[in-house]
Structures are given as C-alpha cells and as structure tokens.
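[1] Model the structure of this input:
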Amino acid sequence: MKIWLGNKLPERTQGSAVTIGNFDGVHLGHRHILQRLKTEAKARQLFSVAMIFEPQPREFFATKSAQLSPFRLSPLRDKLRLFKQTQCVDAVWVQRFNHAFADLSPTQFIQDILLTQLNTQFLLVGDDFRFGKHRNGDFALLQQQNEFVTENTPSILVAGARASSTAVRESLAAGRLDLATQMLGHHYTLSGHVKHGAKLGRTFGCPTANVHLPHYRYALSGVFAVEVSGSFGRKRGVASLGLNPTVSQTLQTKLEVHLFDFSGSLYGQRIEVAFLHKLRDEQKFANLDELKQAIMHDINVARMWHTNEA
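    Okay, the predicted model is just below:
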C-alpha cells in the first residue's frame, strides 16, 4: 500500500477508483466500503485510492473557532496501519486540510482533485457527502459529472445500530468496549513510542511504560485490562488512559501501561495497546499512598480478569 502525503500526488496515467472520508477508527462500515471499492477497482482495472484528511475537517474548524476539538479515535499512524490491514486499497492519500483546501469551490474540487490529480473514473462516497467551500458540493452534483461514475456507500448495521465513528466514540465514552469492538471489528488500539516519564510507578514496585500519544482528545478514559504488542511479542497488562489528575495538572492525555511478568526495557520501542476491558473510571486521589493502593488493586483485578478470560 502506497502512502501519499501532502497536497500533490505523483504523476500517474492509470485511472482511479476513489473513496473519500475521515475513516476515523476504520470500523466495519468503513471496511465494507473499502472492500466494495476494491471489488469495483478490480472489475474496472483501476487503481484504488482512499483519500483522507489531516487534520480532520471538524478538528480544523474547531481550532479555527477556538472550540474544543472532537474526540479522535485513530491518530494518523494507527489509521494507516488499519488501512494496510484491510488489504483493500492500493494507496491512501493523506490530504493536508488547510485554509487553501477548505476554500476550494465544489467545481475546483472536482476539476483539480478528482479529475486532474486522481484521474477518477469511479467514486464511492456517502449520499450525505459534502465538499468544497461552505460544503456547497453534494452527492447530486457529483452524479451529474460525465467523466466518472459516482455511487453511494452502504450503511452497515452492528447490534441493530449503524456502524459509525460517532457510535464507536459514544461506546468508548460509555465504557462499552464490547460494543465498540463489535463495531470496529477489532479491539480498540492505540500505539506510540515509550518515553521517559516521572517513573512514579517504579517507586511503587510496578514500573509503567509511558506511551507518547499525539495531542488529540480521546473518547476513552479510565483504567483497563489490556494486551500489549511490541518487539517482545504480546503481553497482558493494565493501563491508565487519561489526565492522571493526582500527579498532573496538564490537559494532555497520558497512556501508562504496566506489563505483567516483564522485566526488560521498553524505552524507545513502539508498542500497540489493545483495550480489552474497563476496570474503573479515572480518579483523583488525596495523596500518593491512596494512588499506590489503587494501582496495586487495579493490577490484581486486571490479572484476575485476564485469568478468567483465558
């Protein structure tokens, strides 16, 4: 799978089958779209491309208006990993979403992006898809184009509800990891490099890996039983995701992970943390002794959960 970053694409002559969206979480609904795109691309002998945006448009406009950014499910690197796992697209175009791109008129978007850069011959988007300045372009306008065929993407129901990024965010915020997993088709996972932190856990006898996350707002928070993947293979553990209010006053989300029965060094490694089960909400404790007791209790409960699930 090729990854194209930026506003310009390498020159190509082959026509493209294209889908466009945020694809946040790359859930089952997204995977169904990507599979359909793959099928159409193969039948039409086209190059399959997913066009995504960074930052996501809602994040861009929230920052512009000094509002809180919406929750993000998948940072870019995780999103690209999930795209690759689907084996459905030949390339992902990460289009930089900025003022210049947001100001493109619908006709400019069609001409400059879809026709000139992508050589689009088949387009798969939702019938509620909007594009161009002030979101004036719509599905009806795309269907009027003679240069390419436009079709709408189907909705996928999971547990009686439409699989969507919004539904996944709501499930995570409610601590319903089981429902989020059903909609995603996989456990919710975040990844990052292990960096040096305060090393507070080490003083408690339970060293934790401080996993660096991109600066987004995440729907999930609390303490969880997790499975961690890295160069060491897979290990069970317990993780805290949140603001760590007992010892920190910043608004930056922190991910700290304790691996069971592991004694090596993780510094500098990139690890993936799959969230399996929520143990409790995040709490602010009165002192470090209370925090230590809570951490030890979390470790015991997480071990018991893993044992029961084995």
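[2] which one's the longest helix in the chain?
    For the chain, the longest helix by residue count, based on DSSP state H, is helix 288-309.
[3] other SSEs contacting it?
    strand 222-230, strand 233-242, strand 270-280 (3 or more CB pairs under 8 Å, 6 or more residues apart in numbering; DSSP states H and E). The C-beta positions use only the backbone N, C-alpha and C, and glycine is treated the same way.
[4] Could you tell me how many residues sit around Thr307?
    For Thr307, the count of nearby residues is 9 (other CB atoms under 10 Å).
[5] what's the answer for Lys42, then?
    Lys42 - counted by other CB under 10 Å - has 11 other residues nearby.
[6] Phi first, then psi, for it.
    phi -70, psi -40 (degrees, to the nearest 10).
[7] Could I get the contacting residues of Asn145?
    To be clear, residue 145 is Gln; Asn isn't right here. Each residue near Gln145 by CB atoms under 8 Å, 6 or more residues apart in numbering is listed here: Ile110.
[8] So which residues of the stretch 101-250 of the chain form strands?
    Ranges of strands in the stretch 101-250 of the chain, per DSSP state E, counting those that start in this stretch, are 120-125, 149-152, 157-158, 161-162, 188-195, 209-211, 222-230, 233-242.
[9] starting at the chain centroid, how far to the last one?
    Once both centres are worked out by CA atoms, centre = their mean, to the nearest Å, strand 233-242 turns out to sit 18 Å from its chain's centre.
[10] Domain-wise, how is the chain divided?
    Per automatic domain parsing, the structural domains of the chain span 2-161, 188-309.
[11] what about those domains, which gets the closest to Gln182?
    Checking the domains of the chain against Gln182 by CB to CB gives domain 2-161 as the closest, at 5.2 Å.
[12] Touching, Ser69 and Tyr216? I think so.
    Yes - at 6.9 Å, Ser69 counts as touching Tyr216 under the criterion of CB atoms under 8 Å.
[13] shared neighbours of the two, which are they?
    Any residue near both Ser69 and Tyr216 by CB under 8 Å, 6+ apart counts here, and that gives Glu59.
[14] Looking at these two, which has the bigger crowd around it?
    Neighbour totals were compared for Ser69 and Tyr216, and Tyr216 leads with 19 against 16 (other CB under 10 Å).
[15] For Leu251, see how far away the more buried one is.
    Note on Tyr216: its distance to Leu251, by CB to CB, to the nearest Å, is 11 Å.
[16] returning to what we had before: which of the helices and strands packed on helix 288-309 sits most buried?
    Stretch with highest mean neighbour count among the helices and strands packed on helix 288-309: strand 222-230 (a mean of 22; mean count of other CB atoms under 10 Å).
[17] Which strands and helices lie in contact with that one?
    Counting by 3+ CB pairs under 8 Å, 6+ apart, strand 222-230 packs on strand 233-242, strand 254-259, strand 270-280, helix 288-309.
[18] How about Phe148: what's its closest non-neighbour residue?
    Leaving aside its chain neighbours, Phe148 sits nearest to Thr120 (4.6 Å; criterion: CB to CB, 6 or more residues apart in numbering).
[19] still on that earlier bit, columns distance to Leu9 and mean pLDDT on top of the helices and strands packed on strand 222-230, output as JSON lines?
    Below are those laid out as JSON lines (distance: least, CB to CB, whole Å; pLDDT from 0 to 100):
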{"stretch": "strand 233-242", "distance to Leu9": "36", "mean pLDDT": "94"}
{"stretch": "strand 254-259", "distance to Leu9": "34", "mean pLDDT": "94"}
{"stretch": "strand 270-280", "distance to Leu9": "28", "mean pLDDT": "97"}
{"stretch": "helix 288-309", "distance to Leu9": "45", "mean pLDDT": "90"}
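[20] Make TSV out of the ones you listed and add distance to His187.
    Formatted as TSV, those follow (distance: least, CB to CB, whole Å):
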stretch	distance to His187
strand 233-242	12
strand 254-259	14
strand 270-280	4
helix 288-309	12
